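S.K.: my questions are about this predicted structure, shown below with the sequence.
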Amino acid sequence: MSGPGGGASRRPLSAGQRRIWFLQTRDPEDTTLNTCAVFRLRGAVDAARLRAAIDAVAARHEILRSTYLSDAEGEPHRVVRADAAPAWQESDISELPQASRARRLEVLVRRAAARPFDPTTESPLRCLLIRTAATEYAFALITHAIGWDDDSWPLFCDEVTHTYDNTPTEPNPAAVVGDSGVTGGEVAHAYGNTAAEPNLDAIVGDSSFTGGEVAHAYGNTAAEPILGAVVGDSGVTGSEVAHAYGNTPTEPNLGAVVGDSGVTGAGDAVEHGGMTADGGAVDDGVEYWRRVLRPLPQPLELPGRTVPPGSGSPRAGRRSRGLSAESVDRAEGFARAQGTTLFAVLLAAYDVLLHRYTAATDFLVSVPVSLRAGNEGIGYFGNSLLLRAAVRPTDTFAELTAAVGAAVAAARTHRGVGIDRVVREVNPERGGGRDGLEQLVRTAFGVRDRLPRFAFDGLASELLEFGSPGTRIPLSLTVILDAAGARVEAEYQADLLEDRIVEQVLTHYVRLLETAPAQPRRRIGDLDMFGGEDRAGILARSHGELVASEPTTLVALFERSVARAPDATALVSAADGDREYTYDGLDRRANRLAHGLIRRGVGPEDVVGLRLTTSVDFVVAVLAVLKTGAAYLPIDPAYPAERIDRMVADAHPRFVLGHEEMRAAENAAALPDTAPTDADRVRPLRPDNLAYVIYTSGSTGTPKGVPVAHAAIAEHVAGFCAEWGMQARDRLLQSSSVSFDASLLDLFVTLTLGACLVVPKPDAFRDIPYVADLISRCGVTVLHMVPSLLRTFLMLPEVNQWRALRHVPVGGEALHGEVADRFAGVFDAELRNHYGPTEAVVSATHLTVEGPQGTRIVPIGHPNRNVYVYLLDERLQLVPAGVVGEIYLGGTQLARGYLRRTGATAERFVADPFQPGRRLYRTGDLARRNVRGELEFLGRADEQVKVRGYRIELGEVEVTVASHPAVAQCVATAVPDKAIGTVLAAYVVPAADADVDIDAVRAHAAAVLPEYMVPSAFAVIDEIPLTEHGKLDRRALPRPAPASVELYREPVTATEIRLAELFAQLFGADRVGADDSFFDLGGHSLLAARLLARIRAEFDVEIGVRVLFETPTVGGLAALVEAAAARNTPLEVG
């Protein structure tokens, strides 16, 4: 584009302006660079005089009369136009009813603030004056970051005030533009969070809205503030305001006109404060940032949702909390005592908060800084510092504050190095349409010492709203030390962070500011960020219903059922032609065997091995062993001989009964069929005696015996029966292997209720059609299984015949939402999701699954009756809602420990820090509690999958891939690759009669998931391998073909060849391959503009900046260029 014509002059851009220009060019619909301030004016406002004052200020500051163009090489420049002025609009809604006025006002302000700026044609300032009553107005100012920073606000407000008060003007005949035809019923919700936005009824006459109140509905000018004065004596004045990147207050303008003499400010200079126009700096500054930031820390993982790529301008939400004067005074006193700054203390507290919320010990915080030297006018004079936080939980708060203060001082010394230059030096991975800085920065922090205000003579003025429609930073925290009072504000991406989580963040930050400076020698990991009420709430949610219950035994529970209904059917043996066994008959047979074992010396605390398959014999043997007072040890005959030998050697059973040994014991002599009593037993049976021992491999692969007492399993059974509401008429299918703890649920819940247990043939679940027929034939009403098996059953046409089904408890692995939704589409039955390890007696939590679940992993719910479920960090501190913690389980339903493994027992069964004298089981599982109080299971702590530094939630990947129409099931896992490290692999099972197009499935995932969560390797398999217990067997998955890594692929097509030449010219490379990436070669925002200009000139095709970011390789771009040329359409940002 050619230079300006008559009446205009051309100016170079500062480094900060270049970045803002690039961001707006990348996405022309972006409004995160807008800031809106809304003032209420009361009194006789002279609209024409006010507009004249605005125009007069614009005449003195050429930045307000500037637009931005680029030349044929893509080089941007600023054009100053003598005849330009800020946009002005007036509306009068004073005649509307009050409620309609409020709605109309909201529409007008939202619409103006949410409209993107076009820097090529618009001034960076829009003005909207809305009359809301006879002597009351709303005055909205919308600015764009390319010509405005936070320090511009007081300059502008002061100049407008002075001009308005001292320079009366003639009315401007072109003042009123109208209200754009917005009807009274329109309510715009363009951005922000409705709950966080002020009540705009206040603007139209609500006298309860006091002059000191400031509402913050959206965005973040205030969220990204000052480093000057608070930080130290580096020459930055107290009025300087720092600006976190990507927001209006973030990227100020170095091109301001100080007066109307035509002398320009720093925007015309090639250097300012050590920063060159292309973002460079002196060598020692660059070296400093290279040394501090390499290697890059892993991205900070905030407690939020997954944001899909290409989501445009993330909607901003805002919340705030008051900060007491005592807290500020205490922080200032601590800073003086430490010989540091208040800013260092405030930032150190934020670092502690981030550590406690993410468990990260090494992360980046963006701190905005002003580059003003003191005499600049309105404009953008900002940069961002990437401060690296090193937070060790064993350090004291005093030690952390000292380290933060030193880091801030060192970073300020090198603040002149442009943020773009810093990003180029560390070259983070990019994807999903993001630039490098967005990959690095997840949070920002700042301090602000004033808010915009007018002081017109004869007019009352107050600030009502201040902020931006959107934000590029997921979470920014700002401490405002305004004369009206101190407070903390949070700006956040509302699509990522839930409002209640942000409110909680603010509460905990305020709490840390109250406690940390008062306890500077206390370790960071032990600092209390919960108040008494907050802590009490977390503890109350950490247990289920607490019911006083008398300890009992499984024997007592069963014998009560026998006494209630001796002739009721207890068992149906499918292996014996559906033969039925009554409670009385089952009891008598078990009694005879029990007496035989007692005669052989078996009693309480002994162990008897049962090497039996799923059968009536197994049920009889279990009851018989329990009646002796001994504990049973289930041994699956299908286990490898070596495993069986280890279990027997470790458990030291008195006897091991197989089917033959059992027959021999029963037939050895005439035995009574009456129930044994303590008088018959070797020793009395008590509730604290051992009931069973089950072996679990755990993470080591070495079987460990888990001994559980009667009281623990009996309490679990009683609670399960009470919470489920099952009845004696129910029929349960024994669906688990006898050596799996889930079999306890099938067996003891049934026999405690007096219900009927349907016993299938051994290994029945390897024959799915057999089981499907059995469920229908026997009228099964309760079916307990793992989600993998449930998914398989839901694919069968026979499931529609299971009309008797009433309850389906699932557990043992993650329940995918799509499985739950499919279940709801087939059955009216109740589906419950359970979680619990063997060491905590089968199940510790439950969730009744209701409503659509979509693509999420179904939560594991709430603690069971009399069960405690704590989420704790590595120092056994409670974690807040939304924060990942390790699951610790407590209550009466705990195993004794590990059989003959004192070391392992001491490691896993620890003292309860909240209830002295009690124990907790440390599960090694991770979870978080959502804002609804539900627990969300996240997997094993020692099996967390990370790819390129990002933690991957495999369940989310699996659900997303499986939602493709051609995919029936998906399993995701991390696979080591020698060439490129860990890769994310997806195994897919095709849907019926479907051919899986891997490219289509990958594109489907990429449209929903962030780039780092999209599998890079796919494999199509016939079925998902399952263990003998029906769980997913990841070890049986075939190894996918290794990801191929070609160091160089020759460009083939004419477009590829020419693009490779353009790349080579741009980067000064000898050769560029078809798979070489713009960013891997060293590309950045400025070079992106040049490359796209050359592509435009070479191919007559318009490629959007975001397209380049999403498709940065030569080959990928070539395909897009050819497609665009064929359609003769531009590839702009969608």
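M.R.: Ah, there it is.
S.K.: distance of residue 916 from residue 887?
M.R.: 21 Å (C-beta to C-beta, to the nearest Å). The way it works is simple: take the backbone N, C-alpha and C, and place the C-beta from them, glycine included.
S.K.: of those two, who's got more company?
M.R.: With other C-beta atoms under 10 Å as the criterion, residue 916 and residue 887 differ in neighbour count, and residue 887 comes out ahead with 27 against 7.
S.K.: and the gap between that one and residue 927?
M.R.: In this structure, residue 887 and residue 927 are separated by 5 Å, where distance is defined by C-beta to C-beta.
S.K.: ok, residue 588 next?
M.R.: In this structure, residue 588 and residue 927 are separated by 46 Å, where distance is defined by C-beta to C-beta.
S.K.: what about the two, which has more around it?
M.R.: Neighbour comparison, residue 588 and residue 927: the larger count goes to residue 927, with 23 against 16 (by other C-beta under 10 Å).
S.K.: how near is that one to residue 353?
M.R.: Relative to residue 353, and taking C-beta to C-beta, residue 927 is found at 21 Å.
S.K.: and for residue 963?
M.R.: Taken as C-beta to C-beta, the spacing of residue 963 relative to residue 353 amounts to 36 Å.
S.K.: tell me which of the two has more neighbours.
M.R.: residue 353 (25 against 17).
S.K.: which residue packs closest to the more buried one, ignoring adjacent ones?
M.R.: residue 509 (5.2 Å; C-beta to C-beta, 6 or more residues apart in numbering).
S.K.: where does the one you found land in three-state SS?
M.R.: Of the three states, residue 509 takes helix according to DSSP: H, G, I helix; E, B strand; the rest coil.
S.K.: ok, it touching residue 477?
M.R.: Yes - here residue 509 reaches residue 477: they are 6.6 Å apart, a contact under C-beta atoms under 8 Å.
S.K.: which neighbours do the two share?
M.R.: Residues touching both residue 509 and residue 477 by C-beta atoms under 8 Å, 6 or more residues apart in numbering: 350, 488.
S.K.: what about the two, which has more around it?
M.R.: Neighbours were tallied for residue 509 and for residue 477 using other C-beta under 10 Å; the higher tally belongs to residue 477 (28 against 23).
S.K.: how is the more buried one assigned, secondary-structure-wise?
M.R.: Assigned state for residue 477: strand (three-state reduction, three-state DSSP).
S.K.: show me the contacts for it.
M.R.: Applying C-beta under 8 Å, 6+ apart, one finds that residue 477 lies in contact with 223, 350, 443, 444, 445, 446, 488, 489, 490, 505, 509.
S.K.: any idea how far it lies from residue 419?
M.R.: Following C-beta to C-beta, the distance that separates residue 477 from residue 419 is 19 Å.
S.K.: kindly report the same for residue 656.
M.R.: From residue 656 over to residue 419 the distance is 71 Å, taken as C-beta to C-beta.
S.K.: who has more neighbours out of the two?
M.R.: The residue with the greater number of neighbours, taking residue 656 and residue 419 and applying other C-beta under 10 Å, is residue 419; the counts read 30 against 18.
S.K.: wait, that one sits on residue 369?
M.R.: No - with contact defined as C-beta under 8 Å, residue 419 and residue 369 do not form a contacting pair (9.9 Å).
S.K.: what is in contact with the two at once?
M.R.: If you check residue 419 and residue 369 against C-beta under 8 Å, 6+ apart, the residues they both contact are 383, 384.
S.K.: sorry, back to before: strands - which of the contacts of residue 477 land there?
M.R.: With strands taken from DSSP state E, the overlap with the contacts of residue 477 comprises 443, 444, 445, 446, 488, 489, 490.
S.K.: ok, the residue nearest to residue 353 - contacts?
M.R.: 321, 349, 350, 353, 477, 488, 529.
S.K.: same check on residue 42?
M.R.: Residues in contact with residue 42 (C-beta under 8 Å, 6+ apart) are 135, 136, 137, 459, 460, 461.
S.K.: and with 6 Å instead?
M.R.: 136, 460 (C-beta atoms under 6 Å, 6 or more residues apart in numbering).
S.K.: re earlier: how much space between the residue nearest to residue 353 and residue 316?
M.R.: Taking C-beta to C-beta as the criterion, residue 509 is separated from residue 316 by 19 Å.
S.K.: residue 687 now?
M.R.: Distance, residue 687 to residue 316, by C-beta to C-beta: 58 Å.
S.K.: more neighbours, these two?
M.R.: The residue with more neighbours, out of residue 687 and residue 316 and counting by other C-beta under 10 Å, is residue 316; that gives 30 against 18.
S.K.: over to that one. Which of the three states is it?
M.R.: Residue 316, by the three-state scheme (three-state DSSP), is strand.
S.K.: wait, it touches residue 473, no?
M.R.: No - in this structure residue 316 lies outside contact range of residue 473 using C-beta atoms under 6 Å: 9.5 Å.
S.K.: report the contact partners of residue 141.
M.R.: 37, 127.
S.K.: in the sheet, who's paired with it?
M.R.: residue 37, residue 127 (DSSP bridges).
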